[in-house]
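K.L.:
sequence isn't available, so here's the structure alone:
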């Protein structure tokens, strides 16, 4: 888009200096013209610029495409009604990678993880997994935040999850629903929920502010920002393992 601005400038003459009737003149915007320039094959690359950035492009691609792990099958966020392979993988990674950071800074343990289904932007294809895979799955600059929630807020969270109609990723939390969609049980780290306790929930900075209608985080007792991107946690995890093989499990089920 090219903008052309036309304006008129009135120039005072020497006579104005001698007359008390002269007033100061200012420039005024008359019109704005716009012209659309279509970028197509008619615009060729500048060889000098392309040659300058080529080594950097090659190096970046080498880093992004270096194999870190392997997926024996497609990992997707749509292969289960209440939990999915992609969701379970992402939530488990956040629990695994954020817990030591939170423990070292606070002396406390992360109890469970909650992320959002919509935050997963791509499948993980069968085959080699690289840093580029992490960028495809999690292209956003979302960081891991830990919220301290009381038992009442956790119950509100579970109520949201059962009614959301989406398999939001969880880890460290187990939810069982009855046939009529009422909550049969809530377990955290294998133990029944205690409404008098508070729990440390790892989530994203997007959800902590009420994103995806998760308003229960507004009642957090405390909030701790790890300054650790979810995407970086994925890359760190991929570097540690050989094969990525998450499954749909019983962390969130409906009793039939």
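P.N.:
All right, it came through fine. Since this is a predicted model, take the numbers as computed values, not measurements.

K.L.:
quick one, what contacts the closest residue to residue 211 other than its chain neighbours?
P.N.:
In this structure, residue 211 finds its nearest non-sequential neighbour in residue 116, 7.2 Å apart by C-beta to C-beta, 6 or more residues apart in numbering. To be clear about C-beta, it is placed using only N, CA and C from the backbone, and glycine gets the same treatment. Counting by C-beta atoms under 8 Å, 6 or more residues apart in numbering, residue 116 makes contact with 168, 169, 204, 206, 207, 211, 212, 214.

K.L.:
the helices in the stretch 101-250 of the chain, which residues?
P.N.:
Applying DSSP state H, counting those that start in this stretch to the stretch 101-250 of the chain gives helices spanning 131-137, 151-164, 205-208, 230-240.

K.L.:
could I get those as TSV with mean neighbour count, mean pLDDT and distance to residue 74?
P.N.:
Output for the helices of the stretch 101-250 of the chain, formatted as TSV (neighbours: other C-beta atoms under 10 Å; pLDDT from 0 to 100; distance: least, C-beta to C-beta, whole Å):
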stretch	mean neighbour count	mean pLDDT	distance to residue 74
helix 131-137	20	96	12
helix 151-164	17	97	24
helix 205-208	20	97	26
helix 230-240	19	97	16
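
K.L.:
how about JSON lines for those, with distance to residue 121 added?
P.N.:
Formatted as JSON lines, those follow (distance: least, C-beta to C-beta, whole Å):
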{"stretch": "helix 131-137", "distance to residue 121": "6"}
{"stretch": "helix 151-164", "distance to residue 121": "18"}
{"stretch": "helix 205-208", "distance to residue 121": "13"}
{"stretch": "helix 230-240", "distance to residue 121": "11"}
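
K.L.:
residue 109 is nearest to which of those helices?
P.N.:
For residue 109, the closest of those is helix 151-164, at 15.4 Å, according to C-beta to C-beta.

K.L.:
residue 65 - nearest residue in space that isn't next to it in sequence?
P.N.:
Residue 65 sits nearest to residue 130 (C-beta to C-beta, 6+ apart), 5.1 Å away.

K.L.:
just for the chain, where's the confidence low?
P.N.:
Residues of the chain meeting the criterion pLDDT under 70: 1-26, 39, 41-46, 55-60, 62.

K.L.:
in it, which spans are strands?
P.N.:
2-8, 28-35, 67-71, 112-114, 127-130, 143-150, 170-171, 173-177, 183-188, 191-192, 198-204, 222-229, 252-254 (DSSP state E).

K.L.:
okay, the ones you listed in a markdown table with mean neighbour count and distance to residue 82 next?
P.N.:
Listed next are those as a markdown table, based on neighbours: other C-beta atoms under 10 Å; distance: least, C-beta to C-beta, whole Å:
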| stretch | mean neighbour count | distance to residue 82 |
| --- | --- | --- |
| strand 2-8 | 9 | 53 |
| strand 28-35 | 9 | 52 |
| strand 67-71 | 17 | 22 |
| strand 112-114 | 25 | 14 |
| strand 127-130 | 17 | 25 |
| strand 143-150 | 22 | 21 |
| strand 170-171 | 24 | 9 |
| strand 173-177 | 20 | 8 |
| strand 183-188 | 16 | 13 |
| strand 191-192 | 10 | 19 |
| strand 198-204 | 24 | 18 |
| strand 222-229 | 15 | 27 |
| strand 252-254 | 19 | 4 |
